[in-house]
Structures are given as structure tokens and as C-alpha cells.
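1. can't give you the sequence, but here's the structure:
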């Protein structure tokens, strides 16, 4: 059984015990978060209706905060002596999927 969930503006394919990196979430390490399901596949049965998906609950446990790769940004204007260098690392949260519960 797996599900497609909406997490941080993107859609991710998840199954139980998967570890994935999503945009930064508010919460402490060990706390539980819930994701909205877009599609659920259980063997040959595919659930995609909005009424049925409202009953599906995908839960995950927060493992910790991580940072993305370093991005170097360089601003330069020719013949003016203008140079600026910056760097950026996007904050992410690592989560482990603990359960996909289908509605009743």
C-alpha cells in the first residue's frame, strides 16, 4: 500500500517506514504530523475521489531538521567594481511515515 501526499507544495509517493525530506515543518522531534492524501493505491484498488480521500489519514513522525545543499549566489556588474557573494541553504524537515489509515 502506498499513497501520494501533498507536502510542502510538492507531491511525494510514500509508503509505511519511508523516510523523506519535506519543507520545514513546525514541531519538535518525535511529534506527529498529518499529510493530506491525493491518491491511495492498495493493491488493485485505487482511491482518488475527494470524498474518500478526506477519510484517509497519512501520519508521520518528525525525525529532525536538516539543511539542503549550499547554493552560491554571485552578483556582478561589469566595469563598475560591483561584486556581491552570498550563500543559501534551505531548511528542511526529515520525517518517517508511520501509518496510512484508510477511512471507514
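-> Now that the structure is in, tell me what you want to look at. Note that the coordinates shown come from a computational prediction; the quantities given were computed from them, not determined experimentally.

2. pretty sure residue 94 contacts residue 63?
-> Yes - between residue 94 and residue 63 there is a contact under CB atoms under 8 Å: 4.4 Å. Heads up, the C-betas are built off the backbone N, CA and C, glycines and all.

3. intersection of neighbour lists for those two?
-> residue 19 (CB atoms under 8 Å, 6 or more residues apart in numbering).

4. what bridges to the residue nearest the centre of the chain?
-> Central residue of the chain (CA atoms, centre = their mean): residue 22, 2.8 Å from the mean position. Listed by DSSP bridges, the beta-bridge partners for residue 22 are residue 93.

5. wait, isn't it in contact with residue 7?
-> Yes - at 4.3 Å, residue 22 counts as touching residue 7 under the criterion of CB under 8 Å.

6. for residue 87, see how far away the residue nearest to the centre of the chain is.
-> Relative to residue 87, residue 22 is positioned 22 Å away (CB to CB, to the nearest Å).

7. again, but for residue 18
-> For residue 18, the distance to residue 87 - CB to CB - is 30 Å.

8. please say which of those two ends up with more neighbours.
-> The residue with more neighbours, out of residue 18 and residue 87, is residue 18; 13 against 9, by other CB atoms under 10 Å.
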